[in-house]
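K.L.:
fold the stuff below for me.
(one chain, ligands or ions: 1)
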Amino acid sequence: MRDAEAVAYRLLHETGLLRPATKLLGSPALWRASGLLESAALFATGGSAGSIGEYVESMEKRWAPFDRWFTDAPRALDFGTGLGGNLLGLRGRLGTGLGIDLNPFYITRARRLAERYGARQLRFEAYDGVHLPFEGPYDVILCTGTFERLRKPAVAAYVRRLALALAPNGRFLAYFLTAGARAQGFGRLLGQESYVFWAEEELAELLRSSGLELEERIPRFPTSGDLLVMRRRSAGVRPGTDAVAVRGAPA
Ligand SMILES: C[S@@+](CC[C@H](N)C(=O)[O-])C[C@H]1O[C@@H](n2cnc3c(N)ncnc32)[C@H](O)[C@@H]1O
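P.N.:
Below is the predicted model of the structure:
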């Protein structure tokens, strides 16, 4: 299937149709409509077509090396959940899971999948991008593949709000495209200007202003960018007043 996708990309690229096709895909109506068909929804949210079984299995594999974040049946929130793959992949390890997304069609599909997999502890909610449908606290907050297409001020607002929903000892696992991902050519086929890359100082400022500190950084996970593992800053430190270094940043 990946070969077929690569051939399709190349054909579009070589015929000069990739740009117009990308523009079309970026239209809100088409993005929403992608949730109407299972295969289109899988492609739009995961970047790859395949069967639902393969999709869920790939999500199980995605998180398998990171058991340490999911002990004690945590309460999890998945921001930009798409078809709910993160929560479905983790379903055996979560106490509860709430997945939220802008696209109501993805949410309908995520609910069906949860039912199909008997994951009764998972809930999925669509929202309008403004009125976030959660309260918290959450032991784990996940966000993969979502911030890469959102403008930086919007991401900063979401991160600040999500950080407030984090339990005192909770972890916020968020994926960002970094300069390294740009250098590796991430998004070149669609056009790198379609994506939002973060400089190290911008990430450091984002964490500082959100009252978060970096605990760990997983490079190139789940794709070319980095997963930042963040916690609430230690008690006594006022958000927005102290500098925080992003460990693992290139010198
Ligand atoms: C590329 S998909 C990633 C899906 C899933 N997190 C994953 O890693 O497979 C990005 C998702 O973010 C959602 N999204 C975009 N902007 C959002 C926002 N402001 N709030 C919530 N979800 C959003 C999209 O609808 C889409 O489902």
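K.L.:
can you pull the contacts of the residue nearest the centre of the chain?
P.N.:
With distances taken as Cα atoms, centre = their mean, the residue of the chain nearest its centroid is residue 144 (1.6 Å). With contact taken as Cβ atoms under 8 Å, 6 or more residues apart in numbering, residue 144 is in contact with 80, 86, 173-175, 222, 227. Where C-beta positions appear, they are placed from N, C-alpha and C, glycine not excepted.
K.L.:
do residue 165 as well
P.N.:
77, 134-138, 141.
K.L.:
before we move on, what about residue 105?
P.N.:
Going by Cβ under 8 Å, 6+ apart, residue 105 touches 32-36, 41.
K.L.:
circling back to that earlier point, same list (the contacts of residue 165) but as TSV, adding pLDDT, secondary structure and distance to residue 212.
P.N.:
Shown next, in TSV, are the contacts of residue 165 (pLDDT from 0 to 100; DSSP: H, G, I helix; E, B strand; the rest coil; distance: Cβ to Cβ, whole Å):
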residue	pLDDT	secondary structure	distance to residue 212
77	98	strand	15
134	93	coil	18
135	91	coil	19
136	92	coil	14
137	97	coil	14
138	98	strand	14
141	98	strand	11
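K.L.:
those, buried ones only, as a ChimeraX selection?
P.N.:
Only the buried entries of the contacts of residue 165 go into this ChimeraX selection, using 16 or more other Cβ atoms under 10 Å:
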select :77,134,136,138,141
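K.L.:
which one of the contacts of residue 165 is nearest residue 64?
P.N.:
Checking the contacts of residue 165 against residue 64 with Cβ to Cβ, the nearest one is residue 141 at 19.6 Å.
K.L.:
beta partners for the closest one?
P.N.:
residue 77, residue 172 (DSSP bridges).
K.L.:
so it touches residue 167, yeah?
P.N.:
No - with contact defined as Cβ atoms under 8 Å, residue 141 does not reach residue 167; the gap is 9.4 Å.
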